[in-house]
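Q: Please work out how this folds:
(one chain, ligands or ions: 1)
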Amino acid sequence: MRKKILAANWKMNLSAADAQEWITNFSEANRLYAELEYRLYAPSIYIQQLTDRKAIHVGAQNVHSMDLGAFTGEISIPQLKSIGAQSVLIGHSERRTIFNETDALLLGKVEACCRNSFSFIFCCGENEDLRNVGEHLHLIREQLSGLLGQMKPEQLELLTIAYEPIWAIGTGQNADTHQITEVHAFIRSMLMEFFGEQGRNVPILYGGSVNAENAESIFSCPEVNGGLIGGASLNATHFLQLASFLQ
Ligand code: PGA
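A: I've put the predicted structure just below:
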């Protein structure tokens, strides 16, 4: 059965002490929905202190495509694995736009995940200009066809896709249920075009200004299998509250 995922993306927020407080609050909270997979994408320097608690799936926000070598400042998948990290975000719009990560570079990271059997969330999503001229599905196809063309059916269990419209990230302006339903159905149809029935098993998350006020309507859209949460994940209690809408 396809799992549901509630993933926190801290971005470059919180101190080491804040991280410790978050994981303590999360560990001690009463988590009602055992079938839900909770994930935490933390700054890499905090991963080990978080994985030590064994309370939640912990992943990295970025990774290099090579396994080792002279790449000052970078971190590899084998290194992440050695401190207990379980997955990584690839292609977040902030990596694409602020750090100029191209589709080709991202596919190198996907290849590294597949080579190392490391799970990943591949993010896609249009900017406001493309949305306004109705070109958003075209862009999603462009962002996903390289990924899906590259992956083998037996690697599909490593993949989760997150739809995150750039104009909705950190803006307080979430996509509406029609927009989310349209894009998630499109992503599911692409998965099935490339992988047939197996494409049904890949979780598709929505991200972009999800909070306690809008989570119920967003998570009830068809083909929304979870959320990637930025701002509303910085407090463990607020993050956990969102789980009640993802049954
Ligand atoms: P947001 O961020 O919830 O703060 O909009 C989501 C994300 O960028 O993953």
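Q: okay, CA-based contacts and neighbour counts for the rest of this
A: Noted.
Q: in the sheet, who's paired with residue 161?
A: Per DSSP bridges, the residues bridged to residue 161 are residue 122, residue 204.
Q: hang on, it packs against residue 200?
A: No: here residue 161 lies out of contact with residue 200, judged by CA atoms under 8 Å, at a distance of 12.0 Å.
Q: who has more neighbours, the two?
A: residue 161 (22 against 16; other CA atoms under 10 Å).
Q: dump the residue contacts of the more buried one.
A: Residue 161 is in contact with 121, 122, 123, 124, 202, 203, 204, 205, counting by CA atoms under 8 Å, 6 or more residues apart in numbering.
Q: how close does the first one sit to the ligand?
A: Think residue 121. Separation of residue 121 from the ligand (CA to the nearest ligand atom, to the nearest Å): 11 Å.
Q: And the helices in this structure, which stretches?
A: With DSSP state H as the criterion, the chain has helices at 16-28, 47-51, 77-82, 93-97, 103-115, 128-132, 136-150, 177-195, 215-219, 236-242.
Q: measure the residue positioned nearest the centre of the chain to residue 214 for me?
A: In the chain, the C-alpha nearest the mean C-alpha coordinate belongs to residue 121, at 4.2 Å (CA atoms, centre = their mean). Distance from residue 121 to residue 214, counting by CA to CA, to the nearest Å: 22 Å.
Q: Once you drop chain neighbours, what's closest to residue 149?
A: Distance criterion CA to CA, 6 or more residues apart in numbering; nearest residue to residue 149, sequence neighbours excluded, is residue 194 at 7.3 Å.
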